[in-house]
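**Student:** coordinates for the following, if possible.
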Amino acid sequence: MGDSTSLALTRPEAGDGAGTMGERRPGELLVAPIVVLSLLALVVNDHWLKAAHPSWLTGKISDVAGLIVAPVLLISIAEVVAWLSGRTLTGLRHPMAAVAAAVGFAFAAVQLIPAATNAYAELAGHSARVVAMIVPVVSSSGGSADVTADPADLAALIALIVPIRLSRR
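**Tutor:** Got it, this is the predicted structure:
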């Protein structure tokens, strides 16, 4: 854990905000207006627009919104877990950039590699069933999710700039 390239947890020192991540609170990025709007767009698009008005645009909306929300959600979870354990995240100079890169690689794999597309479809299908059990308003069709690999969707990777810039404010 002493390696400067690894993500480590350390106990917060007195006077540093009692576990805050620099000048922001753990998970605070989740309530940034662009993240909230992206999450809203993702939910409305995936649960209504795609079925009511299927087109290439609805797919792109999900891609862009998901690429904004996913890294912020992952970093926020890590921040909250660290904070709850009385630690802070250290070890990476720009953790959001690292998480965004990982999300980008996973997104690219789903678009380009059939085995990754199938694995993601299964995971998304299972996740939808779990959410449907927890939130009765959400419906799940069972099986795997409908995922279409499209190399043209890689253009949406530019959206990863948003969470990186947001985290550096």
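**Student:** so Leu89, which of the three states?
**Tutor:** At Leu89, secondary structure determined by DSSP: H, G, I helix; E, B strand; the rest coil is strand.
**Student:** roughly how far does it sit from Ser76?
**Tutor:** As judged by Cβ to Cβ, to the nearest Å, Leu89 and Ser76 stand 11 Å apart. Just so you know, the C-beta spots here come from the backbone N, C-alpha and C atoms, and that holds for glycine as well.
**Student:** tell me where the protein has strands.
**Tutor:** For the chain, applying DSSP state E gives strands covering 8-10, 88-90.
**Student:** ok, of those, where does mean pLDDT dip lowest?
**Tutor:** Lowest mean pLDDT of those: strand 8-10, a mean of 45.
**Student:** contacting residues for Val151?
**Tutor:** Heads up, residue 151 is Pro, not Val. Pro151 sits next to 111-112 when contact means Cβ atoms under 8 Å, 6 or more residues apart in numbering.
**Student:** typo on my end, it should be Ile61
**Tutor:** 41-42, 45, 49.
**Student:** show me which residues of stretch 118-134 are buried.
**Tutor:** Neighbour-count burial for stretch 118-134 flags 120-121, 125, 128 (criterion: 16 or more other Cβ atoms under 10 Å).
**Student:** what about it, average pLDDT?
**Tutor:** 81.
**Student:** how far off centre is that stretch?
**Tutor:** 15 Å (Cα atoms, centre = their mean, to the nearest Å).
**Student:** need the helices for the chain, in chain order.
**Tutor:** Using DSSP state H, the helices assigned to the chain run over residues 33-44, 50-52, 56-84, 95-112, 114-134, 161-167.
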